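A.B. asks: Pasting the sequence and the predicted coordinates here, then a few questions.
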Amino acid sequence: RQRGVDTRFGRGVTAMKVLDGRVTRVELDDGSLVDCDAVVVGVGIVPEISLARDAGIATNNGIIVDRQCRTSSANVFAAGDVAEQASFFGGHIRQETYQNAADQAQAAALAMLGQEVDYCKPVWYWSDQYDLNIQFCGHIPVQAEVTVRGDMASNAFAAFFQSGETVEGILTVNRAPDMGIGKRLVERRAKAQAVQLSDANVSLRDLLKQA
């Protein structure tokens, strides 16, 4: 908003006005009209699993793989957005992120070569918006305790999400070094007190050593 972006949450699109082959206006379900020069549609993906399914390989919301990236057919592996894998926090998930596609592909290649693989990582992703570098790792429990390190008003802070004292997730804004350590806190299911996480004088690296 500070940079002039108008956001409308909880709204649906009911119609688009097209003039000379392009959309010039969008009508929302509350009756409001938004003039526009272009429309970007972000609706997620439908994984292409038909080849695997027709071959008799187990599928669900993706091609199901184990922690070696192996499908139900022992000689077939899958990785990336199409793979439904074990979630770090239980159950199964498809991770639609760049980093997972890169890391899981490497794990699949090593498994194909007969090396030991145990691939199961918490999700990590980032976004650069204006002068803000935003990163997130882990997940946010429904009733998470939230602890902030730094000053949110300055757009340089880290937010930790905990169940009890266990660090389940971390979000950083313009504090990449905190994420470097925070990811490992999440991976180790480290425990910390909120007062430690909020105190900039307490080293996150020291908390990691204690995990």
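C.D. replies: Perfect, thanks for sending it.
A.B. asks: wait, doesn't A83 sit right on T59?
C.D. replies: No - the pair A83 / T59 is not scored as a contact, 10.4 Å apart, by CB atoms under 8 Å. Heads up, the C-betas are built off the backbone N, CA and C, glycines and all.
A.B. asks: Pick out whichever of these two has more residues nearby.
C.D. replies: Using other CB atoms under 10 Å as the criterion, A83 and T59 rank with A83 on top: 26 against 21.
A.B. asks: Look up phi and psi at D35.
C.D. replies: phi -70, psi 150 (degrees, to the nearest 10).
A.B. asks: Surely F157 is within a helix?
C.D. replies: No - under DSSP: H, G, I helix; E, B strand; the rest coil, F157 sits outside any helix and is assigned strand.
A.B. asks: What is the strand or helix carrying A109 packed up against?
C.D. replies: Element membership for A109, per DSSP states H and E: helix 98-112. Secondary-structure packing of helix 98-112 (3 or more CB pairs under 8 Å, 6 or more residues apart in numbering; DSSP states H and E): strand 124-129.
A.B. asks: Can you tell me which helices and strands the very next helix or strand once past the strand it packs on packs against?
C.D. replies: Next along the chain after strand 124-129, taking DSSP H and E as the criterion, comes strand 132-138. Applying 3+ CB pairs under 8 Å, 6+ apart, one finds that strand 132-138 contacts strand 124-129, strand 166-173, helix 176-187.
A.B. asks: Look at A107 and say how many residues are nearby.
C.D. replies: For A107, using other CB under 10 Å, the count is 24.
A.B. asks: That one contacts C69, doesn't it?
C.D. replies: Yes - using CB under 8 Å as the test, A107 is close enough to C69 to be in contact (5.5 Å).
A.B. asks: Need the residues touching each of these two.
C.D. replies: Contact with both A107 and C69 is made by residues 79, 117, 119, according to CB atoms under 8 Å, 6 or more residues apart in numbering.
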